[in-house]
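# my questions concern the predicted model and sequence given below.
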Amino acid sequence: MTTRRPSSVHIREVGPRDGFQNEPEHIPTEQKVRLVNALARAGLKRIEVASFVRPDVIPQLSDGVEVLNRIDVPDDVRLTVLIPNSRGLDNALEVREKFHEAAIFVSASETHNKRNVNRTVAETMADNDKMAARITSEGLDCAAVIATSFGCPYEGKVELDRVLGLAERFAEAGATEIGFGDTTGMANPAYVSKFFTAALERLPDVEVTAHFHNTRGQGLANAFAALEAGCESFESSFGELGGCPVPPGSTGNIATEDLVSMFHEMGVHTGLSLPGLIDAARAAQDVLGRSLTSHSIVAGPVNWN
C-alpha cells in the first residue's frame, strides 16, 4: 500500500465554536473561558473560539465577543472566528485585534446551502469573494470551509470536481487554507483517500484540512485515510462535541483526544498533551452534566507499562 503519511500534523480545536453551537445546554460564559484556557494549556496552537452568526440564529454563541475578551491563552495560540456573511464580518472587525484567522464557508450542495444559510451557492460565493478580500486586507489569515464535501443528506453524491472547483475559487480569492467538511458523516475511507489525493494535487499552494464527523462511527477511519493520502491538517472537537444543526441528527465531530491518541500511537507528532486534552474533555463533561461520547474520556491514554 502506497502511503504519503506525514510525520507530524496540525490540529485545530473547533469545540468552542462548532461543538458548543450544537449542544442543547446553555454553557455559561465563564465556563467557556475556562475550557478554552484548558485547551490552550494542552498545547493547542489553533482554536476556533467564536462565530459572528446572528444571536437569534445560534443563541449558544451569542457571547462570542465576551469569550474572546476574557480568555487568557499564550501569544502563540492562533484564534479563529467563523464569519457567515458580510454583516457578520462587519461585527467581527470591530474586535479585529482579538483573533488571527477568519473562516468563511459554503456548502457544496445547493440544497444544504439553502437550508443552512438561506442562500444559493452562487450568492454565498459572491459574498465570500468580497469577504476574502476584506479579511486579507486587514492582515488576517483567511480560511475557507466547504461543507457537505463528501455527500449531501438531501442531494446524495456531490461530485469531486464540483467541490475542488469551489476550493480553487476560494484559493483565487485569497484563502490560504481550505477545509473539507464531512458535515453529516457520509464519507468512507476509500473515497476519502481518493478525495485527498486529488485535493492535494490540485491545491498545491494552500493548506488542505480534513474535518470529519463521527455520525456513523467512521470518523477516525476517515482521518486515517486522509493522513495516509498526505493530509497534514485536521479539525476536531474535544469530547466529540457538536455536529451540524442541518439536518437534525448530524451529531458528533471526531473527538480531539481520540484523534490525538490514534496519531500518537502511530508515531505521528501533534505537539499536544493527550492527558491535557482528556482533562479538558472531562471538564466539559462536568459542565454539561452528562456523559460525552469520546472514547478516551473513559479509557484514558494507552499505558504500555
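Looks like it arrived, so ask away.

# what sits against the nearest residue in space to K114 that is not next to it in sequence?
The shortest distance from K114 to any non-neighbouring residue, by C-beta to C-beta, 6 or more residues apart in numbering, is to T120 (6.6 Å). To be clear about C-beta, it is placed using only N, CA and C from the backbone, and glycine gets the same treatment. T120 is in contact with E110, N113, K114, counting by C-beta atoms under 8 Å, 6 or more residues apart in numbering.

# how near is T120 to L82?
Plainly put, T120 is 20 Å away from L82 if you go by C-beta to C-beta, to the nearest Å.

# over to S62?
14 Å.

# those two: who's more crowded?
For S62 versus L82, neighbours defined as other C-beta atoms under 10 Å are more numerous around L82 (25 against 17).

# isn't the more buried one up against R17?
Yes: counting by C-beta atoms under 8 Å, L82 touches R17, with 5.9 Å between them.

# what's the overlap in contacts for those two?
By C-beta under 8 Å, 6+ apart, the residues touching both L82 and R17 are E48, A50, S51.

# need the contact list for the spatially closest residue to the second one that is not a sequence neighbour.
This means A50. Closest residue in space to A50, ignoring its immediate chain neighbours: G64 at 3.1 Å, by C-beta to C-beta, 6+ apart. Contacts of G64 were listed using C-beta under 8 Å, 6+ apart, and they are R17, V49, A50, S51, F52, V81.

# show me which of those residues are buried.
With burial judged by 16 or more other C-beta atoms under 10 Å, the buried subset of the contacts of G64 is R17, V49, A50, S51, F52, V81.

# out of these, the closest to T184 would be?
Of all these, T184 sits closest to R17, with 18.0 Å by C-beta to C-beta.

# show me what contacts that closest one?
E48, V49, A50, S51, L61, G64, T80, V81, L82.

# can you rerun that using 6 Å?
Counting by C-beta atoms under 6 Å, 6 or more residues apart in numbering, R17 touches E48, S51, L82.

# please name the nearest non-neighbouring residue to it.
Computed as C-beta to C-beta, 6+ apart, the closest residue to R17 that is not its neighbour in sequence is E48, at 4.4 Å.

# tell me which helix or strand that neighbour sits in.
Per DSSP states H and E: E48 is located in strand 46-51.

# coming back round to it: so which of the contacts of T120 belong to helices?
E110, N113, K114 (DSSP state H).

# and the nearest residue to the second one once chain neighbours are set aside, how close does it get to P74?
Closest residue to N113 in three dimensions, ignoring its sequence neighbours and counting by C-beta to C-beta, 6+ apart: S107, at 3.7 Å. Distance, S107 to P74, by C-beta to C-beta: 34 Å.

# likewise P24?
The value you get for P24 to P74, if C-beta to C-beta is used, is 32 Å.

# who has more neighbours, the two?
Taking neighbours as other C-beta under 10 Å, P24 and P74 compare with P74 leading, 10 against 7.
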